[in-house]
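In: Provided below are the primary sequence and the corresponding predicted coordinates.
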Amino acid sequence: MFKKILEALKLLFGSLFGRGRKPSEQVEIEALTNAPQDAAEVKQDTIVIVTPVTDTVVIPPGDTGEEFDADLFDGEEDIEEPLPAPEPEPPADIDEGEPDEDEPAEETVPKHEARYLWCLDNGHGKQTAGKRSPVFDDGETQFFEYEFNRDIVARIIVKLEEIGVQFFNVVPQVDIDNFLKGRVERANNKKSDLPKIFVSVHANAAPAASSSSWAADNIKGIETWHYHQSKKGKKLAGIFQKHLIEKTGFQNRHVKSKPNKQFYVLRKTKMVSVLTENGFYNNKKEAAELMKDEIRQQIADAHVAAILEIEANGI
């Protein structure tokens, strides 16, 4: 017991005064199964740092806000992958001459100048065990997280394409398992002239008696996770959390991080990264909400609003 208290104090003081580093492959070699993939797999006795979404993160000029071990970048080769397809040219028969005197001239919408490449990660795949709700009372309806994550990302992409924000769909495939290492490598190796930001989209799950049992009604809401002690990650998470709560009205579970055994996709990506947990799929009432088209669109729109704020202001 005394040993656990000492460990907890070390982690607490480290989070307050330390300077975190994403570990190098040589320093930390962990099996993928030893660390949680998302918030649903965080054990109840785990130390979690909770930051109110109203907290302001200040990054001094010249401070990258993100610290990496230098050798983390060694030995990696870029994989050439195509950028998103450009918008189609207008048909040749369209008259682009002078506007008709009787008709007002159309206003020219300024083209968006991309600031980042957004690596959009729809967590989990169809083959991932669990990650689904109990069956609803009709005996048929069930929430599947892989489907929800892909639907949200697809809705985000529609908006980003309209605006001209650059993105990369990290895992468009459906019939796969977690593909943890693969999705991280795809994001890390994606060639881009723009700085990259990684956003992993998820739904959450609370402790329950069994996979066929609903969790307690009071465990609900949205939370956003970042790599522990990453200033830019913390700031990024706060922006996403703010927009998600404003758009959906869901309970605010704030911004979170883990001092140790952090989520694989936050720990191994070589860029600023966040993971959004958009409601609890084993909370019966919230799962029903998450299956509604209008709620899903609100969640997607919140992600887009956060992306546009960061595109405008940077991090």
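Out: Thanks, I have the structure now. In this text, all values refer to a predicted model and were calculated from it rather than measured experimentally.
In: hey, let's count contacts and neighbours off CA atoms from now on
Out: Will do.
In: quick check: buried residues in stretch 123-140?
Out: 123-126, 128, 131-135 (16 or more other C-alpha atoms under 10 Å).
In: stretch 306-315 too?
Out: Using 16+ other C-alpha under 10 Å as the burial criterion, the residues of stretch 306-315 that qualify are 306-308, 310-311, 315.
In: can I get that stretch in PDB, CA atoms only?
Out: Only the C-alpha atoms of stretch 306-315 are listed here, as PDB (Å, rounded to 0.1, in the frame of the first residue of the first chain):
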ATOM      1  CA  ALA A 306     -12.500  22.600 -33.800                       C
ATOM      2  CA  ILE A 307     -10.500  21.900 -36.900                       C
ATOM      3  CA  LEU A 308     -11.400  25.200 -38.400                       C
ATOM      4  CA  GLU A 309     -10.600  27.100 -35.200                       C
ATOM      5  CA  ILE A 310      -7.100  25.500 -35.200                       C
ATOM      6  CA  GLU A 311      -6.700  26.100 -38.900                       C
ATOM      7  CA  ALA A 312      -7.400  29.800 -38.300                       C
ATOM      8  CA  ASN A 313      -5.400  30.300 -35.200                       C
ATOM      9  CA  GLY A 314      -2.800  27.500 -35.100                       C
ATOM     10  CA  ILE A 315      -1.800  25.800 -31.800                       C
END
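In: what lies in contact with that stretch?
Out: Contacts to stretch 306-315, defined as C-alpha atoms under 8 Å, 6 or more residues apart in numbering, come from residues 114-116, 232, 235-236, 239-240, 243.
In: ChimeraX command for the buried members of those residues?
Out: In ChimeraX, this line selects whichever of these come out buried by 16+ other C-alpha under 10 Å:
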select :115,116,232,235,236,239,240,243
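In: so which of the buried residues of stretch 123-140 is the closest to Val265?
Out: Distance ranking of the buried residues of stretch 123-140 against Val265, using C-alpha to C-alpha, places Gly123 first at 9.5 Å.
In: per-residue pLDDT, the closest one?
Out: For Gly123, the model assigns a pLDDT of 83.
In: how about it, phi and psi?
Out: Phi and psi for Gly123, reported as degrees, to the nearest 10, are phi -50, psi 140.
In: and the contacts of stretch 306-315, which is closest to Lys261?
Out: Lys232 (19.6 Å).
In: would you say that closest one is within a helix?
Out: Yes - with DSSP: H, G, I helix; E, B strand; the rest coil as the criterion, Lys232 is part of a helix.
In: related to what we said a few turns ago, the buried residues of stretch 123-140 in strands, which ones?
Out: Using DSSP state E, no member of those falls within strands.
In: mind checking the SS state of Ala306?
Out: helix.
In: distance of it relative to Asn189?
Out: 24 Å (C-alpha to C-alpha, to the nearest Å).
In: helices - which of the buried residues of stretch 123-140 land there?
Out: When DSSP state H is applied, the buried residues of stretch 123-140 are split such that none fall in helices.
In: return the closest of these with respect to Trp214.
Out: Distances from Trp214 to the buried residues of stretch 123-140, taken by C-alpha to C-alpha, are shortest for Pro134, at 6.5 Å.
In: helices of the stretch 101-250 of the chain, start to end?
Out: 145-163, 180-189, 231-248 (DSSP state H, counting those that start in this stretch).
In: please identify the deepest-packed of those.
Out: Of all the helices of the stretch 101-250 of the chain, helix 231-248 has the most neighbours on average by mean count of other C-alpha atoms under 10 Å, namely a mean of 24.
In: does anything pack onto the helix or strand following it? Which helices or strands?
Out: Going down the chain from helix 231-248, the next helix or strand is strand 252-257, by DSSP states H and E. Helices and strands touching strand 252-257, by 3 or more C-alpha pairs under 8 Å, 6 or more residues apart in numbering; DSSP states H and E, are strand 49-51, strand 222-226, helix 231-248.
In: can you redo the ones you listed as JSON lines with distance to Glu294 and mean pLDDT?
Out: Output for the helices and strands packed on strand 252-257, formatted as JSON lines (distance: least, C-alpha to C-alpha, whole Å; pLDDT from 0 to 100):
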{"stretch": "strand 49-51", "distance to Glu294": "29", "mean pLDDT": "73"}
{"stretch": "strand 222-226", "distance to Glu294": "17", "mean pLDDT": "97"}
{"stretch": "helix 231-248", "distance to Glu294": "10", "mean pLDDT": "97"}
